[in-house]
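S.K.: Below are the sequence and a predicted model for it; my questions follow.
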Amino acid sequence: MSTQPQPGSAPLHEQARGHLQRGEMAAAETAYRQLLEQAPDDAEALMFVANREMARRNAPVAMMMLSRAERAHPEHAGVAHQIGSAHLAAGDFEAAAVSLQRALTLAPRLFVARLQLGIALEQLGQADDALLAYFIAVRTAQEQGRWLSDANTAPGLRDTVRYAMGYANAGRRRLFDQALEPLRQQYGADELRRVERALAIHVGLEPMPAIDPRQRPLFLYFPDIPSQPYYPRHRFPWHEALEAATFAIREELLAVLAGEQPLDSFLGVDSPEQAAKMLRGSGAEAPAWDAYFFHRHGQRYDDHARACPRTMAALDAAPLVRIRDHAPEALFSVLRPGTHILPHTGVTNTRLVTHLPLIVPGECALRVGGQEHHWREGSCVTFDDTFEHEAWNHSDATRVVLILDSWNPDLTEVERAAVTDLVAAIGDFNTRCELPPASA
């Protein structure tokens with residue numbers, strides 16, 4: 001059935017909306033009822049009048065109007081949402097969940113509908129599904145600038161939103177805590193004390209402690225360990241073996257650069273506008289930060305490993321962080337002439353970043369936490385990338401370093417195992433919470 005407005009209905013639509021903007025609810029209802037005389041299946045009018053009938057506790061009439069709207073407009077997310085709201089108000093949680101899920105299938109970013117779905121699922125005893133619904137509702141709203149405080153939360157929703165946030169935080173803590181239980185049983189709770197604090201901070205049950213203002217971890221902050229932009233090389237005995245392989249690694253790098261295989265963009269963005277948020281150019285060429293990956297997000301690039309066996313052997317001998325779907329991260333980082341990587345911060349202080357410089361022309365440097373470092377070919381530097389950092393190549397030649405991630409040496413072996421399990425569990429949960437892009 002057509003969803004197009006009936007001829008002659010536009011003036012009544014405009015009139016009704018004008019009353020609404022001025023807060024003249026009774027006049028708006030009169031205009032919408034007149035509109036329904038001309039266009040009995042008009043979704044906007046049916047939804048408004050049904051809402052007024054619900055306010056009068058006349059649920060049967062409201063549901064009759066919404067059913068008519070649903071028959072006429074089966075793909076209208078707003079109608080499905082309003083039907084779900086009506087079922088929820090009536091205490092029919094099963095029917096509410098069905099209609100709200102239908103609304104979200106049609107429009108995944110309806111955060112109020114997802115909040116209501118969480119209520120329905122919780123009442124139905126589906127605690128894990130309710131946790132997902134509450135968490136996604138809050139995250140989706142906040143991505144759109146809503147529910148960040150009382151000021152941008154509708155007064156009628158504030159208590160429910162606070163409840164949902166508390167439920168989501170406690171539920172995630174409980175879920176992720178299960179990932180730590182085998183280690184807790186094996187080593188005792190005291191060995192995991194700092195990990196427990198990191199988890200509480202991550203899920204919002206404990207405030208972020210006062211830390212160096214230059215340090216802003218984007219994902220997981222590990223408390224109660226020393227904090228510094230650069231780490232002294234004596235903390236990393238394996239640097240010596242990596243540096244000893246510099247010549248062999250550079251030979252393989254030069255073969256890569258001379259070959260026909262294209263490099264990847266490190267940022268992985270699709271447009272110059274997106275790249276401009278991270279890169280700035282000072283030369284005639286567009287800025288470019290390219291990469292030849294050996295590992296990314298825990299995935300091994302087998303073709304690259306075969307092309308650079310001595311590099312891969314050196315990486316395999318290093319204590320890389322290994323977390324399913326997350327780490328290690330290892331690559332040739334290729335910074336083109338005139339490119340400046342703008343200040344940014346990394347995800348967690350549980351791991352550190354090491355550079356082995358391979359090709360370093362003049363006028364190239366790294367700055368971490370405001371402290372500048374000039375690479376020297378064959379000499380490793382390790383830093384905490386949760387400190388704001390940037391890098392630049394102001395020369396007219398390409399700069400290349402081998403980048404790899406390793407564990408922060410201030411974590412114990414038990415803590416490293418716990419972080420491995422915890423990050424994997426958080427990643428699994430976050431994957432379940434993925435929504436289509438806003439444009440979908």
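M.R.: Alright, I've got the coordinates. Numbers count the residues shown, from 1 in each chain.
S.K.: secondary structure class for residue 207?
M.R.: coil (DSSP: H, G, I helix; E, B strand; the rest coil).
S.K.: thinking it is in contact with residue 201, fair?
M.R.: Yes. Using Cβ atoms under 8 Å, residue 207 is in contact with residue 201, at 7.4 Å. To be clear about C-beta, it is placed using only N, CA and C from the backbone, and glycine gets the same treatment.
S.K.: Report all helices and strands that the helix or strand harbouring residue 35 contacts.
M.R.: Taking DSSP states H and E as the definition, residue 35 sits inside helix 25-38. Counting contacts by 3 or more Cβ pairs under 8 Å, 6 or more residues apart in numbering; DSSP states H and E, helix 25-38 is packed against helix 10-21, helix 43-55.
S.K.: Deepest-packed of those helices, please.
M.R.: A comparison of those by mean neighbour count, using mean count of other Cβ atoms under 10 Å, puts helix 43-55 on top with a mean of 21.
S.K.: neighbouring contacts of the helix holding residue 35?
M.R.: Identification of contacts with helix 25-38 by Cβ atoms under 8 Å, 6 or more residues apart in numbering yields 6, 8-9, 12-13, 15-17, 19-20, 42, 44-46, 48-49, 52.
S.K.: Can you list the buried residues in stretch 301-317?
M.R.: Within stretch 301-317, the residues that count as buried by 16 or more other Cβ atoms under 10 Å are 301, 304-305, 307-308, 311-312, 314-315.
S.K.: same thing with stretch 17-35?
M.R.: 19-20, 28-29, 31-32, 35.
S.K.: Reformat those into TSV and put distance to residue 108 and pLDDT next to each item.
M.R.: Listed next are these as TSV, based on distance: Cβ to Cβ, whole Å; pLDDT from 0 to 100:
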residue	distance to residue 108	pLDDT
19	32	87
20	27	86
28	30	88
29	31	86
31	32	88
32	28	89
35	30	89
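S.K.: Just flag the most distant two among the residues you listed.
M.R.: 20 and 35 (12.7 Å; Cβ to Cβ).
S.K.: What about residue 198, how many residues nearby?
M.R.: By the criterion of other Cβ atoms under 10 Å, residue 198 has 23 neighbours.
S.K.: how close does it sit to residue 134?
M.R.: Taking Cβ to Cβ, to the nearest Å as the measure, residue 198 falls 22 Å from residue 134.
S.K.: Secondary structure element holding the nearest residue to residue 256 once chain neighbours are set aside?
M.R.: Leaving aside its sequence neighbours, residue 256 sits nearest to residue 292 (Cβ to Cβ, 6 or more residues apart in numbering; 5.5 Å). Counting by DSSP H and E, the element that carries residue 292 is strand 289-296.
S.K.: tell me the mean pLDDT for that strand?
M.R.: The average pLDDT within strand 289-296 is 96.
S.K.: So for the helix or strand following that strand, mean pLDDT?
M.R.: Under the assignment DSSP H and E, the closest C-terminal helix or strand after strand 289-296 is strand 299-300. In this model, strand 299-300 carries a mean pLDDT of 96.
S.K.: Mind giving me the packing neighbours of strand 299-300?
M.R.: The criterion is 3+ Cβ pairs under 8 Å, 6+ apart, and there are no helices or strands that strand 299-300 contacts.
S.K.: what about the strands in the chain?
M.R.: Along the chain, the stretches classed as strands by DSSP state E are 230-231, 264-265, 279-281, 289-296, 299-300, 330-335, 339-344, 351-359, 364-368, 371-373, 381-383, 389-393, 399-407.
S.K.: Can you lay out these as TSV showing mean neighbour count?
M.R.: Output for those, formatted as TSV (neighbours: other Cβ atoms under 10 Å):
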stretch	mean neighbour count
strand 230-231	18
strand 264-265	14
strand 279-281	18
strand 289-296	21
strand 299-300	14
strand 330-335	24
strand 339-344	17
strand 351-359	23
strand 364-368	20
strand 371-373	13
strand 381-383	20
strand 389-393	22
strand 399-407	23
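S.K.: Of those, which is nearest residue 124?
M.R.: strand 299-300 (38.5 Å).
S.K.: Show me the helices in the stretch 101-250 of the chain, by range?
M.R.: In the stretch 101-250 of the chain, the helices defined using DSSP state H, counting those that start in this stretch lie at 111-123, 127-143, 158-187, 193-202, 239-244, 246-258.
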